[in-house]
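Q: sequence first, predicted model second:
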Amino acid sequence: MKTAFGETRTRVGNRHALIAPDGLVPSLLPGISGAVANVIISPAMGANLTQLLLTFDENGHAEFISEDVETCAYIMEGGCVAEVDGTSEPLETGGFVFAPAGKKLELSRPARGTRITVFQKYYDEVEDVPGPAPVFGNAKNIEGVPFLGDPDALLKTLLPDTPSFDMAVNLFTYKSGARLPFVETHVMEHGLIMLEGEGVYRLEDSWYPVTAGDAIWMAPYCPQWFVAMGKGPASYLYYKDINRSPME
Ligand code: UGY
Ligand code: MN
């Protein structure tokens, strides 16, 4: 995207970042071919997670394997086949797959233009707690739960919320005008991508207009608040680290 005078909505700070699509520059990443790969959030900015955006050609292929890193991929648009540890399933829009640390995740046979958000973190093992199992699913089969009782702000929790899982990936859908009821300030970190609609995100002491395609990093304790605006609903997909003691 061209700019005459160097304008962008992107802001990158020590405790939060808004990454607008206009500034994205692709990376060639090991294990990924036939795709434009954008590293949206990473440890290089001070985050404890990585968030990738993959846009596939029809011959695209991605492979993730690491002893320590777990991976969750969500199909924003299009479809592909996902394989974890020998089990494979076709995924359509709204489909997702979680691969535990040490298990290979392969994404193959994508429809041209398939867009996938990938979240990765180092798995935080806990004694006597078994590691998580692979998960395949689709958001359309998960019920949205009113957030803190608000039927206009529906939260879908894609992964099991059990002690084995130290990563949550959630889908939040707001009717226009719905908002987070208070400014959240919490130890958990977020990586986020706007899937649909628009609104205003408060991050620390700044208020940002946001729209579909924008991504946000919120460090631990980044004060955060959102209101949905515009004619239709707004939704975002987000990552959260969960279920671990802060002392470890
Ligand atoms: O799960 C959450 O912390 C969520 N309510 N945060 C957010 O939407 N910024
Ligand atoms: Mn939050």
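A: On my side now, so go ahead. Numbers count the residues shown, from 1 in each chain. Ligands and ions are numbered 1, 2, ... in the order given.
Q: give me the pLDDT for residue 183.
A: Note for residue 183: predicted pLDDT of 98.
Q: up against ligand 1, what does the protein have?
A: Residues of the chain lying close to ligand 1 by CB under 6 Å from any ligand atom are 172, 180, 184, 190, 224, 240. Yep, even glycine has a C-beta here, placed from its N, CA and C like the rest.
Q: and these, which of them are in strands?
A: Of these, the ones assigned to strands by DSSP state E are 172, 190, 224, 240.
Q: just among these, which is most surrounded?
A: Counting neighbours by other CB atoms under 10 Å, residue 190 comes out on top of these with 26 neighbours.
Q: list the beta-bridge partners for that residue.
A: Beta-bridge partners for residue 190, by DSSP bridges, are residue 218, residue 240.
Q: related to what we said a few turns ago, any chance of the residues of the chain next to ligand 1 in JSON lines, with distance to residue 56 too?
A: Supplementary listing: the residues of the chain next to ligand 1 in JSON lines, determined by distance: CB to CB, whole Å:
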{"residue": "172", "distance to residue 56": "25"}
{"residue": "180", "distance to residue 56": "33"}
{"residue": "184", "distance to residue 56": "34"}
{"residue": "190", "distance to residue 56": "25"}
{"residue": "224", "distance to residue 56": "31"}
{"residue": "240", "distance to residue 56": "26"}
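Q: looking at the residues you listed, which one is closest to ligand 1?
A: Using CB to the nearest ligand atom, residue 224 comes nearest to ligand 1 of the residues of the chain next to ligand 1, at 4.5 Å.
Q: residues in contact with the closest one?
A: The contact partners of residue 224, by CB atoms under 8 Å, 6 or more residues apart in numbering, come to 180, 183-185, 190, 201-203, 218.
Q: just checking: what are the partner strands of the helix or strand containing residue 52?
A: According to DSSP states H and E, residue 52 maps onto strand 50-64. Applying DSSP bridges, strand 50-64 is found paired with strand 32-41 (antiparallel), strand 105-108 (antiparallel), strand 115-122 (antiparallel).
Q: tell me which helix or strand comes right after that strand.
A: In the C-terminal direction, the helix or strand that comes right after strand 50-64 (DSSP H and E) is strand 69-77.
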